[in-house]
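Asks: Sharing a sequence plus its predicted fold:
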Amino acid sequence: MGFFKKLKEKFVEEPMDKAVEESIQKEESKTIESDDADRDEGFTENLEGETETENEEELESVEETEGIDEHLEEFDETEDDENQEGQPHDPEEVEDKEASIASKFKTGLAKTRNSFTSKINDLVARYRTVDEDFFEELEEVLISADVGVNAVMEMIDELQMEVKRRNIKDTRQVKEVISEKLVELYYGDEDQGEVEELKMNPDGLTIYLFVGVNGVGKTTTIGKLAHQLKADGKKVTLAAGDTFRAGAIDQLDVWGQRAGVNVVKHSEGSDPAAVIYDGIQSAKSKKADVLICDTAGRLQNKVNLMNELAKVKRVIEREVPGAPHEVLLVLDATTGQNAMSQAKTFAESTDVSGIVLTKLDGTAKGGIVLAIRNELDIPVKLVGLGEKVSDLETFDPHAFVYGLFADMIEEEDDET
Ligand SMILES: Nc1nc2c(ncn2[C@@H]2O[C@H](COP(=O)(O)OP(=O)(O)OP(=O)(O)O)[C@@H](O)[C@H]2O)c(=O)[nH]1
Ligand SMILES: [Mg+2]
């Protein structure tokens, strides 16, 4: 079956019985693994007031804000009792979920798709048959979408081989092969079609550390993620580790209140490692499932910033063995190759476990996702597709490629 047809079946039409069966099996095994904790317990605990963190040693006093709205807020997203992990079991729900993920990628990637699709269509219209010049122009189109020079070279080579192997002469048929190769480019040799979710600690507190230069979207992403985790029935604490930028603490606080989660903060200018330490103690005493740590994007200079992040990380490692479970480097997709050089700098001094690529909705160069994975071998775990709280998605390469080729895929003739 053609690749467009596969994507269409997955994201647009009713999935085949086999696909449904597989996803049910996957969802069931997930539920068995993860659902022994009674989430309602966490909720009642919330109502029973606070256990105060006992501060130790030299640490400054913690000012904690409980989300005031927390108890008043309707649990609109967790209303289904049997479905506390937010994972649909019902085949129809699985299908709905896939369709909604696909439509989010489609909307979020509109700018990239519009520019990319029109260039590809134009190319295919001008070259009826596949030849050297066609590939040369295709190379330019891909580079202009920020797929990355090395990645593009690799892809063009493979594309040429594939075209020969399948004896493709007509450029229209090449579109589909391009989409398939883009997914392969992301996965490299390990294409199992797996979507890489954020790691969770199976026995206790999970800690995510967010890093990245100023303005890339760290705090916003933390707010979105807190909201989603809470909707999935998790108890979340945020730690306001950006004590450098004026207003940063309040900004996280607002997100915390909006999501109805606990925020641990100190005053501006205080030691970030001490804030994170208190965050961990607070999360432990409240039996939180997840602690998300915000950090500064800018200090006096880069060396200071890297040293500070290293110190924060050491505190986390010492307090919770195995933590941080993710060090997420946030990159702004609209900055293109600049994002790539930031990634290299951070990867050198911190063990980055995953990338969060924000503002994909704001660029026509969404190909950067593929370049990052290809050049740095760090998985893209989350993508920001807009400014709304719901505009954060687990990165799914198939949904991404669907988002890029949606118009062509939807036109795909069912009979072929
Ligand atoms: N369009 C769009 N805007 C986003 C997205 N993610 C974040 N933003 C915007 O990016 C701007 C900066 O976001 P912040 O979360 O403050 O960035 P930060 O990395 O915490 O910045 P510092 O605190 O200065 O280090 C805000 O205006 C956000 O609304 C996204 O996915 N799409
Ligand atoms: Mg911030």
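Replies: Right, received. Where do you want to start? Ligands and ions are numbered 1, 2, ... in the order given.

Asks: CA only for contacts and neighbour counts going forward, please
Replies: OK.

Asks: and stretch 210-224, average pLDDT?
Replies: Averaged across stretch 210-224, pLDDT comes to 96.

Asks: ok, residue 128 touching residue 171?
Replies: Yes: assessed by CA atoms under 8 Å, residue 128 is found in contact with residue 171 at 5.6 Å.

Asks: Comparing the two, which residue is more hemmed in?
Replies: Taking other CA atoms under 10 Å, residue 128 and residue 171 do not tie; residue 171 has more neighbours (21 against 13).

Asks: Please pull out the lowest mean pLDDT helix or strand from this structure.
Replies: Ranking every helix and strand in the chain by mean pLDDT, DSSP states H and E puts helix 39-47 at the bottom, with a mean of 35.

Asks: Any idea how many residues pack against residue 411?
Replies: So residue 411, with other CA under 10 Å, has 10 neighbours.

Asks: Now do it against residue 12, distance only.
Replies: 11 Å (CA to CA, to the nearest Å).

Asks: for residue 302, same thing?
Replies: Distance from residue 302 to residue 12, counting by CA to CA: 46 Å.

Asks: Might you enumerate the residues of the stretch 251-400 of the chain proximal to ligand 1?
Replies: The stretch 251-400 of the chain has residues 296, 297, 358, 359, 361, 362, 384, 385, 386, 387 near ligand 1, with proximity defined as CA under 6 Å from any ligand atom.

Asks: surely the fifth one meets residue 111?
Replies: Yes: under the criterion of CA under 8 Å, residue 361 makes contact with residue 111 at 6.7 Å.

Asks: Convert the helix or strand where residue 249 lies to CSV, keeping the C-alpha atoms and dropping everything else.
Replies: Element membership for residue 249, per DSSP states H and E: helix 248-259. Output of helix 248-259 as CSV, limited to C-alpha atoms (Å, rounded to 0.1, in the frame of the first residue of the first chain):
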residue,chain,number,x,y,z
ALA,A,248,9.7,35.4,35.4
ILE,A,249,8.5,34.1,38.8
ASP,A,250,5.1,35.8,38.4
GLN,A,251,4.7,34.5,34.9
LEU,A,252,5.2,30.9,36.1
ASP,A,253,2.8,31.6,39.0
VAL,A,254,0.1,32.7,36.6
TRP,A,255,0.5,29.5,34.6
GLY,A,256,0.4,27.5,37.8
GLN,A,257,-2.8,29.2,38.9
ARG,A,258,-4.3,28.7,35.4
ALA,A,259,-3.5,25.0,35.5
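
Asks: ok, and for that helix, which residues are buried?
Replies: 248, 249, 252, 253, 255, 256, 257, 258, 259 (16 or more other CA atoms under 10 Å).

Asks: just these now: which is nearest ligand 1?
Replies: The closest of the buried residues of helix 248-259 to ligand 1 turns out to be residue 248 (CA to the nearest ligand atom; 5.7 Å).

Asks: tell me, how many neighbours does residue 200 end up with?
Replies: 18.

Asks: okay, the closest residue to it other than its chain neighbours: pLDDT?
Replies: Distances taken as CA to CA, 6 or more residues apart in numbering put residue 206 closest to residue 200, at 5.7 Å, once the chain neighbours are dropped. Reported pLDDT at residue 206 in the predicted model: 98.

Asks: who touches residue 206 in this structure?
Replies: 200, 289, 290, 291, 323, 324, 325 (CA atoms under 8 Å, 6 or more residues apart in numbering).

Asks: quick one: it and ligand 1, what's the gap?
Replies: As for residue 206, its distance to ligand 1 is 21 Å (criterion: CA to the nearest ligand atom, to the nearest Å).

Asks: can you check residue 285 too?
Replies: Distance from residue 285 to ligand 1, by CA to the nearest ligand atom: 27 Å.

Asks: Please work out how many residues are found near that residue.
Replies: Neighbourhood size, residue 285 [other CA under 10 Å]: 14.

Asks: Tell me the residues of the stretch 101-250 of the chain that contact ligand 1?
Replies: Residues of the stretch 101-250 of the chain lying near ligand 1 (CA under 6 Å from any ligand atom): 213, 214, 215, 216, 217, 218, 219, 220, 248.

Asks: Give me the PyMOL select line for the residues you listed, limited to the buried ones.
Replies: PyMOL command restricting those to the buried ones, with burial defined by 16+ other CA under 10 Å:
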select buried, resi 213+214+216+217+218+219+220+248
